[in-house]
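Chemist: Sequence plus predicted model, see below.
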Amino acid sequence: MAGIALLSGGLDSTLALALYLEKDSINLALTFDYGQRANEKEVSAAHKISEYYDIPHKVIALPFLQEQTRSALVNRSEDLPVLKFNELDDLSQARESAHQVWVPNRNGLFMNIAAVFAENLGGPSALITGFNQEEAATFPDNSVEFIEAMNRCLSYSTQEKVIVVSPTSMMTKTEIVREGVRLKVPFEHIWSCYESKENLCGQCESCLRLKRALLRNNALGLIQQLFGAQ
């Protein structure tokens, strides 16, 4: 089955792409620019990852989405939420962090746009997404239930049997890093940070989950490479 990868340039979407390539081909990688703080870093990372896997890459600009969100992920006048390691599994703290970076219907919008491209492939196809078990607890549009709901929707809105798949959806970040090491994904190219600095900030929730997963896999060299001296 042909595939279109929704590629943010982060670890999860990169591993989802790599896992899908173990069994099938990917025709296109899509990255969305909605004015997020890390836009330039994400687009650059996604482009490098697409080149690494020899997949065509396209960036979709969504300026209206930037206008319709007050999220700290987009609104640079708002401070990004900062957590500590021991707060990552505290649902109340994690939910508050998620609330501050929530972008209205982001994943639903991305999938529906990707489905338009998938319809033009001329046959059954998959939209490959990098969801994970940890963030599904506070981001409902990262969950298996969301995938199932999107697939019901797409069964009505597409004619070519477009489905959403997420090879990482039942995995923790620790398991995702372990699989990434096994598959030799290009960790040096990924960008899993809400900010856009020289190195990953090491403080936002996305960075903390990645750093914890790397520590649990004893990947100290990767921590130094990605986060620098922090």
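Modeler: Looks like it arrived, so ask away. Numbers count the residues shown, from 1 in each chain.
Chemist: pLDDT value on Q230, please?
Modeler: Model confidence at Q230, given as pLDDT, is 58.
Chemist: what about the chain, any weak spots by pLDDT?
Modeler: For the chain, the stretches with pLDDT under 70 are 229-230.
Chemist: All the strands of it, residue numbers only.
Modeler: Using DSSP state E, the strands of the chain run over residues 2-6, 28-33, 57-61, 125-128, 162-165.
Chemist: Make a markdown table out of those and add mean neighbour count and distance to L210.
Modeler: From N, CA and C alone the C-beta is placed, and that goes for glycine too. Shown next, in a markdown table, are the strands of the chain (neighbours: other C-beta atoms under 10 Å; distance: least, C-beta to C-beta, whole Å):
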| stretch | mean neighbour count | distance to L210 |
| --- | --- | --- |
| strand 2-6 | 23 | 19 |
| strand 28-33 | 22 | 19 |
| strand 57-61 | 14 | 22 |
| strand 125-128 | 24 | 20 |
| strand 162-165 | 22 | 23 |
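Chemist: now those strands in a markdown table, with distance to C207?
Modeler: Shown next, in a markdown table, are those (distance: least, C-beta to C-beta, whole Å):
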| stretch | distance to C207 |
| --- | --- |
| strand 2-6 | 21 |
| strand 28-33 | 19 |
| strand 57-61 | 23 |
| strand 125-128 | 24 |
| strand 162-165 | 26 |
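Chemist: out of those, nearest to Q203?
Modeler: Among the strands of the chain, the nearest to Q203 by C-beta to C-beta is strand 28-33 (23.7 Å).
Chemist: still on that earlier bit, out of the strands of the chain, nearest to F146?
Modeler: For F146, the closest of the strands of the chain is strand 162-165, at 8.6 Å, according to C-beta to C-beta.
Chemist: How about residues contacting that closest one?
Modeler: Contacts to strand 162-165, defined as C-beta atoms under 8 Å, 6 or more residues apart in numbering, come from residues 20, 111, 115, 118-119, 124-129, 147, 150-151, 154.
Chemist: Would you check that L121 makes contact with S25?
Modeler: No. Assessed by C-beta atoms under 8 Å, L121 is found out of contact with S25, at 10.7 Å.
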